[in-house]
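A.B. asks: just to be clear, the model below is a prediction. Sequence and coordinates:
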Amino acid sequence: MTLPADGIERILFSTETIAAKVAELGETIARDYRGKTPLVIGILNGCFPFIADLVRATQIHLEVDFMSVSSYGDGTSSSGVVRIIKDLNQVIIGRNVILVEDIIDTGLTLRYLMDNLRTRHPESVAVCTLLDKSEARKERVDVAYRGFTCPNEFVVGYGLDYAGRYRNLPYIGVLKPEIYRAP
Ligand code: IMP
């Protein structure tokens with residue numbers, strides 16, 4: 001049994017629950033993209049454990065690339081301002097792209113990324129997110145592959161951070177509000 005770390009109010013998705021869901025997502029993607037060699041694009045930094053597990057659960061030929069964008073500072077709410085910090089290493093003309101996110105909150109980051117990638121003429125772009133905070137959505141985005149619906153609370157672990165920390169928790173938990181609220 002995994003005990004909550006300091007600062008974690010409760011565990012939302014255990015290591016085992018996440019592993020089962022990621023295996024399921026990988027099988028679905030493999031079925032949908034058989035014979036297509038998709039380009040799986042991870043949005044850094046939060047996606048790194050998820051994409052690592054997801055591609056190993058997706059037993060077809062695929063390629064992996066990464067982008068890094070900033071939409072949050074050290075706070076817990078979306079600024080709406082998106083900046084590309086690291087772009088793709090390759091062109092995506094004619095490729096079947098799968099965009100991998102750790103969490104979709106307002107949808108502002110994804111809206112920007114989808115619009116940006118579409119200008120590069122891929123064959124298709126699908127979104128795969130581990131967590132979907134659909135209650136917080138401000139921009140409509142089509143999510144083809146969704147792990148879990150997430151309550152509208154600030155969550156950390158399995159790649160998700162608060163001020164750069166907690167990414168290495170092997171589960172996803174709700175952060176105690178006193179950690180990010182000034183006293
Ligand atoms: P959006 O633009 O509001 O959809 O924000 C997406 C990004 O915000 C994600 O990729 C995360 O980096 C961050 N984010 C949103 N909600 C959370 C959360 O609950 N915990 C940690 N990061 C979050």
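C.D. replies: The structure has been received and is ready for your questions.

A.B. asks: what does the average pLDDT come to for the host helix or strand of residue 69?
C.D. replies: Using DSSP states H and E, residue 69 falls within strand 63-70. Mean pLDDT, strand 63-70: 95.

A.B. asks: buried sites along that strand?
C.D. replies: Counting neighbours by 16 or more other CB atoms under 10 Å, one finds that the buried residues in strand 63-70 are 66-67, 69. (Each C-beta comes from the backbone N, C-alpha and C, glycine too.)

A.B. asks: which other helices and strands contact it?
C.D. replies: Under the contact criterion of 3 or more CB pairs under 8 Å, 6 or more residues apart in numbering; DSSP states H and E, strand 63-70 touches strand 39-44, strand 83-86, helix 108-118.

A.B. asks: now that strand, how far from the centre of its chain.
C.D. replies: With CA atoms, centre = their mean, to the nearest Å as the basis, strand 63-70 stands 11 Å off its chain's centre.

A.B. asks: residues in contact with that strand?
C.D. replies: Strand 63-70 is contacted by residues 37-45, 51, 55, 82-90, 109, 112-113 when judged by CB atoms under 8 Å, 6 or more residues apart in numbering.

A.B. asks: buried among those? Need that as a selection in PyMOL.
C.D. replies: To isolate the buried members of the contacts of strand 63-70 in PyMOL, using 16+ other CB under 10 Å:
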select buried, resi 38+39+40+41+42+43+51+55+82+109+112+113
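
A.B. asks: which SS state does residue 32 fall under?
C.D. replies: Secondary structure assignment for residue 32 (DSSP: H, G, I helix; E, B strand; the rest coil): helix.

A.B. asks: quick check: closest non-adjacent residue to residue 58.
C.D. replies: What sits nearest to residue 58 in space, not counting adjacent residues and going by CB to CB, 6 or more residues apart in numbering, is residue 26, at 4.2 Å.

A.B. asks: where in this protein is pLDDT low?
C.D. replies: Across the chain, the ranges flagged by pLDDT under 70 are 1-3, 71-80, 182-183.

A.B. asks: would you map the helices across this structure?
C.D. replies: Using DSSP state H, the helices found in the chain span residues 15-33, 48-57, 108-118, 177-180.

A.B. asks: can I get the CA coordinates of stretch 92-110 in PDB?
C.D. replies: This file holds the C-alpha atoms of stretch 92-110, laid out as PDB (Å, rounded to 0.1, in the frame of the first residue of the first chain):
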ATOM      1  CA  ILE A  92       4.800  16.500 -39.600                       C
ATOM      2  CA  ILE A  93       3.400  16.900 -43.100                       C
ATOM      3  CA  GLY A  94       1.200  13.900 -43.900                       C
ATOM      4  CA  ARG A  95       1.700  12.300 -40.500                       C
ATOM      5  CA  ASN A  96      -0.900  10.900 -38.200                       C
ATOM      6  CA  VAL A  97      -0.200  12.800 -35.000                       C
ATOM      7  CA  ILE A  98      -1.300  11.800 -31.500                       C
ATOM      8  CA  LEU A  99      -0.800  14.600 -29.000                       C
ATOM      9  CA  VAL A 100      -0.200  13.300 -25.500                       C
ATOM     10  CA  GLU A 101      -1.100  15.500 -22.500                       C
ATOM     11  CA  ASP A 102      -1.000  14.800 -18.800                       C
ATOM     12  CA  ILE A 103      -4.100  16.900 -18.100                       C
ATOM     13  CA  ILE A 104      -6.500  19.100 -19.900                       C
ATOM     14  CA  ASP A 105      -7.800  21.900 -17.700                       C
ATOM     15  CA  THR A 106      -9.200  25.000 -19.400                       C
ATOM     16  CA  GLY A 107      -8.200  23.600 -22.800                       C
ATOM     17  CA  LEU A 108      -6.300  26.800 -23.700                       C
ATOM     18  CA  THR A 109      -2.900  25.100 -24.100                       C
ATOM     19  CA  LEU A 110      -4.400  22.400 -26.300                       C
END
